[in-house]
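Novice: Sequence first, then the predicted structure:
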There are 2 protein chains.
Amino acid sequence: MGSPTRPYRGVSATERTARRRADLLAAGLDVLGTLGWEQATMTAICARAKLTERYFYESFAGRDELLVAVFEQVAEEIRHTVTAALAAAPPEPMATARAAISAFVDLLTDDPRKGRVAIVESAATALLRQRRHQILGEFAELIVTQSHTLFGPAALPAPRDRITALLFVGGLTELLTAWLAGELDATREEITETSATQFVRGAIR
Amino acid sequence: MGSPTRPYRGVSATERTARRRADLLAAGLDVLGTLGWEQATMTAICARAKLTERYFYESFAGRDELLVAVFEQVAEEIRHTVTAALAAAPPEPMATARAAISAFVDLLTDDPRKGRVAIVESAATALLRQRRHQILGEFAELIVTQSHTLFGPAALPAPRDRITALLFVGGLTELLTAWLAGELDATREEITETSATQFVRGAIR
DNA sequence: CAGAACTGACATGGTCCCCTGTCAACTTCT
DNA sequence: AGAAGTTGACAGGGGACCATGTCAGTTCTG
C-alpha cells in the first residue's frame, strides 16, 4: 500500500491526505485538551477522527509526533495572536503589555482545550516538555526584544533581560494554570493588570 | 501472607517495612530523577531497590502513589531548607530574598535528581501535576506572608499580592529549568540576584 | 465493463507493564 | 529439631496499546 495518488469522491489524493491529517490534528486537540494526555492514545484519537490507525501512520510516525504537532499548532496560534496584538497596540509600555497579555489570556479562555494543551498537557512527555520549553524560550526572546524597543537604554542589560523575561513567561503560565483552575480569587482584569504592571516594573534597570 | 510481625535478622517488623519503604523511595528518586518518568516503572524501581513487587504493594498502592511520595519528600526538604534560610537571614528585604532563593537553588543543584524531580518530572502525570500545583500554591502563600512582614503596609494588597507571588514562584521554576538545562548563559549569582531584585521590586505597591 | 486503487471495519501478533501466585532457602520461635 | 514466618527469585495471566495485516465493498481508470 503505497501513497495514494488518484482522486476519490472528487477530491485529489494530496488534498485527501491533508484533510485526514487535519482531522487527526483536530481530534488530537480535542482529546488532549479535554481528556488529557493519559487518554490521548492513538486508538482514541483515531476513533474521534473517524479514521483507521493506518491513516495515522500516513501522517505521523507515532503518538508523540502527533501530540507535538497539536501543541505546535496551538503555539503558532498564540504567537500569531500576540504579535498581532503587539503590532496594534500604542507604543507605550503599559498599553503594549496589556494588549499582549490579554490577547494571550483571551485565546486560552475562548477555547479551553487550547488553554489546557498549551499550559497543562504540554508538560506531559519528555518530547512535549522539550518543545514547550523551547517555545517558552522563544517567547522570552520576544519579550526581550519588546523590552529593548519599549525602554531603549533604560532596559535591563544582558543577561538580566533574558532572566527577567524567562521569569515572566514562566510565571504567567503558572499564574494562568491556577487561575484557569479556579483556584485564584481574582478577575480577569486583576490578572492582566497585575501581570502587565509586573512586566513594566521588572523590565527597566 | 499477612503483614509481617516478627523480627528478622535482628530487625523488628515495623522497622523492616519502614526500611523497605525508604529503599523504594530512594530508588524512586533515583530513577525518576535520572531516567525520567517514562522509565520510572514499578519494575524498574523495584529492581533498583533490590526488592520484589510484593514489597511495593506493602507500602504503596501503585506507581503513582510512590512517585507522588517521592515528590512530596523533595518538596518537604525544599520547604524545610527555605524556611530555615528565611529564619537565619537578617530581616531586610534583599537579604531575605537572596537567602531564600539561593538556599533553593543550592538544594536543586547539589542533588540534580531532586532538581529534576521537583521542577521537571513533577509535571508528568495528572496526579503529580495536581500535587505540584498545590505545593507551588503553598510556596506562593509563604511568599505572601513574607512580603507582608517585610514590607508591612507597603506590601501589595490582595489579590495582587497572591497574583504576584504565583507569578514569581512559577517564573522561578521555569527560569531554573532553563538554567539547569544549560540554556541560559548566566552565573548562579546573576540568577539569584536578578530573581531577588525582581521579587523586591514586585512585592511593593 | 473489467481491473486496479482506495477506503473502512476488523483481526491478529507483539510488547510492555501491572499484579498475583508459587516455591525453595533462610530465620525465628517453641 | 521442627513448625511457622519471612524473604527473594521467578513464572504467568491479564490488559492496554502499538503496529501490521486481511478483506469486502466502493470508486476510479482504461
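Specialist: Structure received. Numbers count the residues shown, from 1 in each chain, chains lettered A, B, ... in the order given.
Novice: For A:Glu190, which non-adjacent residue is closest in space?
Specialist: B:Pro159 (5.9 Å; Cβ to Cβ, 6 or more residues apart in numbering or on different chains). Backbone N, C-alpha and C define where each C-beta goes, glycine included.
Novice: Next up, phi/psi of that neighbour, please.
Specialist: Dihedral angles of B:Pro159 (phi, psi; degrees, to the nearest 10) stand at phi -90, psi 10.
Novice: any idea how far it lies from A:Glu174?
Specialist: 15 Å (Cβ to Cβ, to the nearest Å).
Novice: neighbour-wise, which of those two wins?
Specialist: Taking B:Pro159 and A:Glu174 together and counting by other Cβ atoms under 10 Å in any protein chain shown, A:Glu174 has the greater number of neighbours (24 against 17).
Novice: Would you confirm that that one contacts B:Phe168?
Specialist: No - with contact defined as Cβ atoms under 8 Å, A:Glu174 and B:Phe168 do not form a contacting pair (9.2 Å).
Novice: now the residue nearest the centre of chain A, what's its secondary structure?
Specialist: A centroid search over chain A (Cα atoms, centre = their mean) returns A:Ala75, at 2.9 Å, as the residue closest to the centre. Recorded secondary structure, A:Ala75: helix (DSSP: H, G, I helix; E, B strand; the rest coil).
Novice: check contacts around A:Val144.
Specialist: Residues counted as contacts of A:Val144 (Cβ atoms under 8 Å, 6 or more residues apart in numbering or on different chains) are A:161-162, A:165.
Novice: show me what contacts the residue of chain A found nearest DNA strand D?
Specialist: Evaluated by Cβ to the nearest atom of the strand, chain A has A:Met42 as its residue closest to DNA strand D, separated by 3.1 Å. Shown here is A:Met42, whose contacts under the criterion Cβ under 8 Å, 6+ apart are A:53, A:56, A:62-63, A:66.
Novice: Please tell me I have it right and A:Ile204 contacts A:Pro153.
Specialist: No - counting by Cβ under 8 Å, no contact exists between A:Ile204 and A:Pro153, whose distance comes to 10.1 Å.
Novice: More neighbours: those two, which one.
Specialist: A:Ile204 (14 against 7).
Novice: Which strand residues bridge that one?
Specialist: In this entry, A:Ile204 is beta-bridged to A:Ala155, by DSSP bridges.
Novice: Quickly note the distance from it to A:Gly152.
Specialist: As judged by Cβ to Cβ, A:Ile204 and A:Gly152 stand 10 Å apart.
Novice: Would you mind confirming that the residue nearest to A:Glu190 makes contact with A:Glu183?
Specialist: No - the pair B:Pro159 and A:Glu183 does not pass the contact test of Cβ under 8 Å, sitting 11.5 Å apart.
Novice: any common contacting residues for the two?
Specialist: With Cβ under 8 Å, 6+ apart applied, the contact sets of B:Pro159 and A:Glu183 do not overlap.
Novice: Quick check on the closest residue to DNA strand C within chain A: phi, psi?
Specialist: Going by Cβ to the nearest atom of the strand, DNA strand C is nearest to A:Pro4 of chain A, at 3.4 Å. The phi and psi torsions at A:Pro4 (degrees, to the nearest 10) take the values phi -70, psi 150.
Novice: likewise A:Ala61?
Specialist: Reported as degrees, to the nearest 10, the phi and psi values for A:Ala61 are phi -80, psi -20.
Novice: List the residues that contact it.
Specialist: Taking Cβ under 8 Å, 6+ apart, one finds nothing in contact with A:Ala61.
Novice: start to end distance for stretch A:25-45?
Specialist: Distance between the two ends of stretch A:25-45: 9 Å, counting by Cα to Cα, to the nearest Å.
Novice: Tell me the first helix or strand C-terminal of the one helix or strand A:Ala100 maps to.
Specialist: Assigned by DSSP states H and E, A:Ala100 belongs to helix A:93-110. Beyond helix A:93-110 on the C-terminal side, the first helix or strand identified by DSSP H and E is helix A:112-115.
Novice: For that next one, buried residues please.
Specialist: Using 16 or more other Cβ atoms under 10 Å in any protein chain shown as the test for burial, helix A:112-115 gives A:113-115.
Novice: Could you do stretch A:151-167 as well?
Specialist: Residues of stretch A:151-167 classed as buried: A:151, A:155-156, A:159-167 (neighbour count, 16+ other Cβ under 10 Å).
Novice: just stretch A:48-62 next, same as before
Specialist: Using 16+ other Cβ under 10 Å as the test for burial, stretch A:48-62 gives A:48-49, A:51, A:55-56, A:58-60.
Novice: near DNA strand D at all, it?
Specialist: Yes - Stretch A:48-62 lies within reach of DNA strand D by Cβ under 7 Å from any atom of the strand, at A:52-54, A:57, A:62.
Novice: In helices, which of those appear?
Specialist: Using DSSP state H, the subset of these located in helices is A:53-54, A:57.
Novice: need the residues you listed in JSON lines with distance to B:Ala89, can you?
Specialist: Conversion of these to JSON lines gives the following (distance: Cβ to Cβ, whole Å):
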{"residue": "A:Glu53", "distance to B:Ala89": "58"}
{"residue": "A:Arg54", "distance to B:Ala89": "62"}
{"residue": "A:Tyr57", "distance to B:Ala89": "58"}
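Novice: Great, nothing more from me.
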